[in-house]
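Engineer: requesting a structural model of the entry that follows:
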Amino acid sequence: MNCSSSRVIRAALVSLLFSFAVAAFAQHAAEPHPDPIKNVFWQPDQPQQGSPLFVTCELTAPAIKVTGTWHGKRLTFFRGEKPHLWYALAGVDLDTQPGPYEVKVSAHLRTGRWASATKRVTIEPINASAGNVQVPEQYVQPSPEEQKQIAHDDLLKKRAFARDIQRPLWSGGFAEPIEAPATPSFGETRLMNEEKTSRHLGTDYPAKEGTAVHASNSGVVVLARSMFYEGNIVIINHGQRLFTVYMHLSRIDVHEGRRVRKGQTMGLSGATGRVSGPHLHFEAKWSGSAVDPVQLVHLTLPDLKPEHRHAH
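Structural biologist: Below you'll find the predicted structure:
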């Protein structure tokens, strides 16, 4: 074979290989790349006014950080034991108008790329009742001195709820705080002594005085003292702007600044403060919004090991 023929054959081979490469590249480019955010879903499936909201973001690629927004408030996601699952615990304010809202999620991938997704969440109306309550008259028409105490109490509660712990301190589902049946009282409109209307932002557990009250989940005690309306009150910070509140205790057995574990006895139920009888008033708040504590207890939440209890 002469040199001219060899050059022709080599040129033909190069052209053929180039054609294969172009075809392979075109086929690869035509194939859709999988979306890094595979899915965004939440509990409960049909949230309503005052519902807690547990958001899960499922990824197809490793991420450094996942952030989001919900109803004008930021979502702080943390990674669970499975690296492709990220979680955020949030809530729907009781005063949110029913209708569609958007939850927005952004993921900072390890490749340096950002991915985002928007999902529509429809909020259903709450079916709240109304009722009349008889309490001592001083809790309807407090004296000037008592009004000063109320203002001081409000300041202490505001400071307690302002303490921001970035990582989740809870692990697993939230538990009932007392061995007593919960009443369907969250969101109820109450007329006190036929004079003053109030909105019930928690759930009442009727229980005889002296019944043990337990921490619904692990966290840090940010308030433990006596107040005018609340009586003996304990507030636990569970991290990421989630708090639970326990009111009208006859005795407090924990101290501010101390860690508590889920199920730990914090005190005894009673009838202190503005009450019509002995019971435990149990509240849950996320980012300043009151959410239904019974729904919080019913959420299925992951068990978090200490190394996974941090936000990214």
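Engineer: so which residues of the stretch 101-250 of the chain form helices?
Structural biologist: Assigned by DSSP state H, counting those that start in this stretch, the stretch 101-250 of the chain shows helices spanning 144-161.
Engineer: poorly predicted segments of it, please.
Structural biologist: Low-confidence segments of the stretch 101-250 of the chain (pLDDT under 70): 193-196.
Engineer: the same query, at a cut-off of 90, please.
Structural biologist: By pLDDT under 90, the low-scoring segments of the stretch 101-250 of the chain are 127-141, 164, 166, 184-185, 187-200.
Engineer: can you give me the strands in it?
Structural biologist: Along the stretch 101-250 of the chain, counting by DSSP state E, counting those that start in this stretch, strands occupy 114-123, 130-133, 189-192, 196-199, 203-206, 212-214, 219-227, 231-237, 242-252.
Engineer: tabulate the CA atom coordinates of the second one in CSV.
Structural biologist: This means strand 130-133. Output of strand 130-133 as CSV, limited to C-alpha atoms (Å, rounded to 0.1, in the frame of the first residue of the first chain):
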residue,chain,number,x,y,z
ALA,A,130,-66.7,28.4,71.0
GLY,A,131,-67.5,28.2,74.6
ASN,A,132,-68.0,30.0,77.9
VAL,A,133,-65.6,29.9,80.8
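Engineer: burial count for the closest residue to residue 211 other than its chain neighbours?
Structural biologist: Distance criterion C-beta to C-beta, 6 or more residues apart in numbering; nearest residue to residue 211, sequence neighbours excluded, is residue 269 at 4.4 Å. In short, each C-beta sits where N, CA and C put it, glycine included. The tally of other residues near residue 269 (other C-beta atoms under 10 Å) stands at 28.
Engineer: and the strands of the stretch 101-250 of the chain: which comes nearest residue 72?
Structural biologist: Nearest to residue 72 among the strands of the stretch 101-250 of the chain is strand 114-123; the distance by C-beta to C-beta comes to 13.4 Å.
Engineer: can you pull the buried residues of that closest one?
Structural biologist: 115, 117, 119, 121, 123 (16 or more other C-beta atoms under 10 Å).
Engineer: can I take it that residue 280 is in a strand?
Structural biologist: Yes. Using DSSP: H, G, I helix; E, B strand; the rest coil, the assignment for residue 280 is a strand.
Engineer: mind listing what it touches?
Structural biologist: Contacts for residue 280 (C-beta atoms under 8 Å, 6 or more residues apart in numbering) come out as 177-178, 180, 204-205, 207, 211, 213, 246-249, 269.
Engineer: list just the nearest of those to residue 275.
Structural biologist: When the contacts of residue 280 are compared against residue 275 (criterion: C-beta to C-beta), the nearest one is residue 248, at 5.3 Å.
Engineer: look up the closest residue to that closest one, ignoring the ones flanking it.
Structural biologist: Going by C-beta to C-beta, 6+ apart, residue 248 has residue 231 as its nearest residue, at 4.4 Å.
Engineer: what of residue 243?
Structural biologist: residue 285 is the one closest to residue 243 (C-beta to C-beta, 6+ apart), at 4.7 Å.
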